[in-house]
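# Structure, please.
(one chain, ligands or ions: 1)
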Amino acid sequence: MLATQQVLPPSASVTADGNLSIGGCDLVALAEEFGTPLVIYDEHHLRATARAYVAAYSELGIDADVIYASKAYFGLGVLRILREEGLSIDVASGGELHAALTAGFAPEQIYLHGNNKSPHEILEAIQAGVGVIVVDGFDEISTIARAAAAHDRIQKVLIRVTPGVDPATHAAIATGQVDSKFGFSLAGDAQRGVAAIRDSAHLSLIGIHAHLGSQLFDLSIFGPTAEVLADFAREVGADDIDVVDLGGGLGVAYTRDHAPPTIEEFAQAQADALRSAFASRGLTVPRLLCEPGRSMVGRAGVTIYRVGGIKRIPGVRTYLSVDGGMSDLLRPMLYGAVYEPIVANRANDAASQTYRVVGKHCESGDILVAEAQLPEVQIGDVLCLPATGAYGVSMASNYNGQPRPAVVCVADGRARLITRRETYDDILGRDLV
Ligand code: LLP
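Coordinates of the predicted model:
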């Protein structure tokens, strides 16, 4: 059992050579075969997580649908696995919509989000026949209605509201508060939004949506949120409020000190909150939708890098430079996110030194781990960053002309390349000279 087992996929173990292995694949061998930086997803853990989500709601006896928030990672190899597990999918752009359709999701299983969907994206969604569009503001109501009319459809929609609950997370990923670019405020706008939707012959309101924030550890926020939503449903007349989408947000462990709630606890908190808020007002308990992203794919993914430089500054610190950085993992720079690396080729060795793990980009802020406790590291070592499956590659860039990493999926000792490494020509391929 590794000290950091809880931030790695459960299949993680150490080989007789002392190498970290995931899904029965030696990470040092994967680094040799596929190069670095390399993102590795554990297929069984992805499937187990999807099943755990579905089972958690069904065991609570609540009518629910699990919708994967594809922004966390929308590579086709992973989308296909989650589709096979029967999940629906949340897309927040035309690009994610295209990925969902290409991965084979039935259009009715697709929920389109976004606070500024372009008329073209709305048209693409309606043409594709997406199940639900989540209305985020007044400006898009007539655009959606017109596109639906042009295709002779009645488009199902949810209205997204800001319940005004503070989710106690990083400000950049809190969304449910009143001062937000997302959704309708409940102080009048949401009521007018509902009226405008109901006025359109080509829109069919089916319920309410509220996403509070991401990397949440405190589940008590669902209680007050459901209360606010039930009050709103009663106020606007609950006849067409058949579903309530409480969003995603369940946190994951990035280090051994993090203890996020379990999927079962998350489902229970959402289900209890919804039941009690609606039933206590004499309203029918609506169907519950949840939209997990991070907690669906975060722990299933790790990234491996090769150490290429070690710089010791006596009395100051020691820098370890790896062959990726802010281009494949922006979260430390953007949110001060913390990670706990492991030397994959000496996974059993005890930590003896403190290093600052930095990327290869031309910025001093390109820091992956500010203070990493590791055994003595050498050039050529393979460094593994656990829990990078969510919002890693999906937020990757080509800064400094860096090709985005390859992605493999591992299971039962076999590794399948699911996204090839970007080439220099891929990077320049759109430039017209
Ligand atoms: N539903 C909606 C409407 C959302 O906006 C989000 C995330 C989710 C569901 C999924 O939330 P999750 O279960 O992943 O917490 N880039 C940031 C996270 C941004 C989350 C944006 N919205 C990060 O790396 O922490």
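# tell me which parts of the stretch 101-250 of the chain are close to the ligand?
Proximity of the stretch 101-250 of the chain to the ligand (Cβ under 6 Å from any ligand atom) is limited to residues His113, Ile173, Thr175, His211, Ser214, Gln215, Gly247, Gly248, Gly249, Leu250. Placement of C-beta: from N, CA and C, glycine included.
# contacting residues for the closest residue to the fourth one other than its chain neighbours?
If the residues on either side of it in the chain are set aside, His211 comes closest to Gly247, at 2.8 Å by Cβ to Cβ, 6 or more residues apart in numbering. Neighbouring residues of Gly247 by Cβ atoms under 8 Å, 6 or more residues apart in numbering: Thr175, Gly176, His209, Ala210, His211, Leu212, Cys290, Glu291.
# Secondary structure class of the fifth one, three-state.
Using DSSP: H, G, I helix; E, B strand; the rest coil as the criterion, the local structure at His211 reads coil.
# Isn't it up against Ala174?
No. Counting by Cβ atoms under 8 Å, His211 sits too far from Ala174 to count as a contact (10.0 Å).
# quick one, which of these two is more surrounded?
Between His211 and Ala174, counted using other Cβ atoms under 10 Å, His211 has the larger neighbour count: 26 against 20.
# OK, contacts around that one?
Neighbouring residues of His211 by Cβ under 8 Å, 6+ apart: Arg160, Thr175, Gly176, Phe182, Asp245, Leu246, Gly247, Gly248, Gly249, Glu291.
# where's Ala52 relative to His211, distance?
21 Å (Cβ to Cβ, to the nearest Å).
# Could you check how far the closest residue to Leu60 other than its chain neighbours is from Gly188?
Nearest in space to Leu60, with sequence neighbours left out and distances taken as Cβ to Cβ, 6+ apart, is Ala271 at 4.6 Å. Applying Cβ to Cβ, the value for Ala271 to Gly188 is 30 Å.
# of those two, who's got more company?
Ala271 (24 against 9).
# The more buried one falls within a helix, correct?
Yes. Counting by three-state DSSP, one finds Ala271 located in a helix.
# still on that earlier bit, just put the contacts of Gly247 in CSV and tack on pLDDT.
Listed next are the contacts of Gly247 as CSV, based on pLDDT from 0 to 100:
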residue, pLDDT
Thr175, 72
Gly176, 70
His209, 98
Ala210, 97
His211, 95
Leu212, 92
Cys290, 98
Glu291, 98
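# who are the neighbours in contact with the residue of the stretch 1-150 of the chain found nearest the ligand?
Closest contact between the stretch 1-150 of the chain and the ligand, by Cβ to the nearest ligand atom, is at Ala69 (3.5 Å). Neighbouring residues of Ala69 by Cβ under 8 Å, 6+ apart: Asp90, Ala92, Gly248, Glu291, Pro292, Gly293, Met296.
# Check Ser295 too.
Taking Cβ under 8 Å, 6+ apart, one finds Thr49, Gly248, Leu250, Gly251, Val252, Pro260, Ile263, Phe266, Ala390 in contact with Ser295.
# which one of these sits closest to the ligand?
Closest to the ligand out of these is Gly248 (2.7 Å), distances taken as Cβ to the nearest ligand atom.
# Could you check how many residues crowd around Arg331?
By other Cβ under 10 Å, the burial measure for Arg331, its neighbour count, is 20.
# Isn't Glu363 up against Ser327?
No. Glu363 lies out of contact with Ser327 (Cβ under 8 Å); the separation is 10.5 Å.
# So if I had to pick from the two, which one is more boxed in?
Per other Cβ under 10 Å, whichever of Glu363 and Ser327 has more neighbours is Ser327, with 22 against 13.
# That one looks like it's in a strand, true?
No. With three-state DSSP as the criterion, Ser327 is assigned coil and is not in a strand.
# ok, now which ones touch it?
Contacts for Ser327 (Cβ under 8 Å, 6+ apart) come out as Gly359, His361, Ala396, Ser397, Asn398, Tyr399, Asn400, Gln402, Arg404.
# Who wins on neighbours among the residues you listed?
In the contacts of Ser327, the most neighbours by other Cβ under 10 Å go to Gly359, 26 neighbours.
# How about that one: what's its closest non-neighbour residue?
Using Cβ to Cβ, 6+ apart and skipping the chain neighbours, the partner closest in space to Gly359 is Gly325 (1.3 Å).
# Against the ligand, how distant is that neighbour?
16 Å (Cβ to the nearest ligand atom, to the nearest Å).
# so that residue touches Lys360, yeah?
Yes. The criterion here is Cβ under 8 Å, and Gly325 meets it with Lys360 at 5.4 Å.
# Need the contact partners of stretch 192-209.
Against stretch 192-209 from outside (Cβ under 8 Å, 6+ apart): 132, 134-135, 137-138, 141-142, 144-146, 148-149, 153-161, 183-184, 229, 232-233, 236, 240-245, 247, 286-287, 289.
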